[in-house]
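Participant: Sequence first, then the predicted structure, then my questions.
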Amino acid sequence: MFVIFKRKYLILCICVILCAFAALSVTYGVKAAAADGGRVVVVDAGHGGRDGGVTGKVTGVRESDLNLKYAFLLKASLEKQGFKVIMTRTTEAGLYDAAAALSEESRKSQDMKRRKEIILNSKPACVISLHMNFFSQSSPRGAQVFYNASNPESKKLSAAIQNKLNIVNGEYAGKKISNLPGDYYMIKCTDYSSVIIECGFLSNADDERLLLNEAYQSKLIYEITNGVLVYCFR
Ligand SMILES: [Zn+2]
């Protein structure tokens, strides 16, 4: 009887030690991944090349140029936090084969497929696609995040970023904005947690002026980074 009790006690002790060891390994693993830049984020600058996106009503700034500027700023900011950042484009060019005589439709399709390939090869913790918004009326303004409604992780990421961006929206646009489901290729083309951030409206003169302002750019990038941190380390 005594021997059986001791054996049971011994097995219990071994189980407790193994569980503690496993818990420690998981904790250490997460910290190690963060410290050596193990978490990958794909930063996608929307449009590019012959597809300039929308243009600023006042200055005529091209959305594709502004998206690239924001993508580089976000890359630097995320890298400071230990993330490894993969960009879908680092120049003004689109991702299509510029030398080939492709129709606009084929160019767009090739460009989108190549962005998708970059995401798949990167195996990222999340994907951030950066854009500037435009509306027929000039009144709408502020930064808004779109998610893939069929991916709960995409929704969580969008909520974390929108929550932080609303600090800036509250201060400058005088209102908070809701994250919304969006029917966009970039957030639906893979199962990775992906969002589109429309940083502001180039159809609104105040937003356009702010979106070109370096101090405002830093504020937006700071809050997007905070949102990614909240999502990744929640
Ligand atoms: Zn766009």
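Facilitator: Sure thing, it's come through. Residues are numbered from 1 along each chain as shown.

Participant: all contacts plus neighbour counts: C-alpha atoms, from now on.
Facilitator: Will do.

Participant: what's the pLDDT at the closest residue in space to residue 84 that isn't next to it in sequence?
Facilitator: Distances taken as Cα to Cα, 6 or more residues apart in numbering place residue 40 nearest to residue 84, at 4.7 Å, with adjacent residues excluded. With respect to pLDDT, residue 40 scores 98.

Participant: For the remainder of this discussion, apply numbering that starts at 22.
Facilitator: Noted, 22 is the first residue going forward, which turns the last one into residue 61.

Participant: Return the residues in contact with residue 61.
Facilitator: Residues near residue 61 by Cα atoms under 8 Å, 6 or more residues apart in numbering: 104, 105, 106, 107, 143, 144, 145, 146, 147.

Participant: Kindly report the same for residue 188.
Facilitator: Residue 188 is in contact with residue 197, counting by Cα under 8 Å, 6+ apart.

Participant: Now do the phi/psi pair for the nearest residue to residue 163 once chain neighbours are set aside.
Facilitator: With sequence-adjacent residues excluded and distances taken as Cα to Cα, 6+ apart, residue 163 is closest to residue 221, at 4.8 Å. Dihedral pair for residue 221: phi 170, psi 180, per degrees, to the nearest 10.

Participant: swap in residue 116?
Facilitator: Phi and psi for residue 116, reported as degrees, to the nearest 10, are phi -100, psi 10.

Participant: for this structure, where's the lowest mean pLDDT among helices and strands?
Facilitator: helix 23-56 (a mean of 45; mean pLDDT, DSSP states H and E).

Participant: number of nearby residues for the residue nearest to residue 163?
Facilitator: Applying other Cα atoms under 10 Å, we find 24 residues neighbouring residue 221.

Participant: in the protein, what spans have low per-residue confidence?
Facilitator: For the chain, residues meeting the criterion pLDDT under 70 lie at 22-59.

Participant: residue nearest the centroid of it?
Facilitator: Nearest to the geometric centre of the chain sits residue 149, at 2.1 Å (Cα atoms, centre = their mean).

Participant: In contact with that residue: list those residues for me.
Facilitator: Listed by Cα under 8 Å, 6+ apart, the contact set of residue 149 reads 62, 63, 64, 65, 215, 216, 217, 218.
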